[in-house]
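[1] Model the following, please.
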Amino acid sequence: MKVAVTATGPTLQDLVGAEFEEYLLIVELSTMDDVALINPAAIMSFNYSAAGQVLVQFLQEQDVKALLTNKCSTHTLKCLANYEIQAVLGTNGSAHTAVEHFKRMPMISNSVPVEQAIAEPGTRPPVQMWEEKANSERANQDQIGLLHEVVQP
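    Okay, the predicted model is just below:
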């Protein structure tokens with residue numbers, strides 16, 4: 001499976017950036033082989049709707065299944081969902097760290113509503129929301145188990 005990482009430079013040691021960062025690192029998860037490409041949407045960032053569509057079509061041509069990025073516009077998120085490319089927002093640190101973290105994440109569909117998926121300052125990115133939801137569900141199951149033990153003689 002291939003993922004794309006928006007990056008500030010052409011190597012996995014460079015930092016993760018926003019959707020229209022200059023570089024896209026295409027990484028094959030099974031081998032960690034990567035290719036640095038110039039993001040075709042970077043020069044179009046003045047026009048978010050066109051740039052988002054160009055980015056997503058480019059990712060589809062590269063057979064990418066997920067985009068790891070710091071932030072992403074609503075339009076680009078909708079385009080990613082239309083092409084069934086997973087968006088992982090709020091990604092920070094080096095591109096290598098982001099990919100390693102992604103490899104350990106449970107696979108999640110783009111079922112998070114776009115309104116909730118926008119990682120803007122002061123909001124929680126979807127990855128954090130998904131982790132919180134999973135922790136909440138585990139806590140609920142634990143409470144149900146405890147309640148069952150208390151009720152049963």
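
[2] Report the helix or strand with the lowest average pLDDT across this protein.
    None of the helices or strands of the chain scores lower by mean pLDDT, DSSP states H and E than helix 114-117, at a mean of 39.

[3] For Ala98, which residues are in contact?
    Listed by CB atoms under 8 Å, 6 or more residues apart in numbering, the contact partners of Ala98 are 5, 16, 68, 88, 91-92. The C-beta positions use only the backbone N, C-alpha and C, and glycine is treated the same way.

[4] what pLDDT does it get?
    Confidence at Ala98, expressed as pLDDT, is 92.

[5] ok, now Glu132?
    Here, the pLDDT recorded for Glu132 equals 49.

[6] With the one 3 residues further on instead?
    Looking at Asn135, its pLDDT is 51.

[7] what about the helices in this protein?
    Here the chain has its helices, by DSSP state H, at 48-61, 74-82, 95-104, 114-117, 126-151.

[8] so where's this protein uncertain?
    Applying pLDDT under 70 to the chain picks out residues 45, 48, 106-153.

[9] and Tyr23, what is it in contact with?
    Per CB under 8 Å, 6+ apart, neighbours of Tyr23: 6-10, 14, 17, 36-39.

[10] is Lys2 in a bridge, and if so with what?
    Judged by DSSP bridges, the bridge partners of Lys2 are Glu28, Val64.
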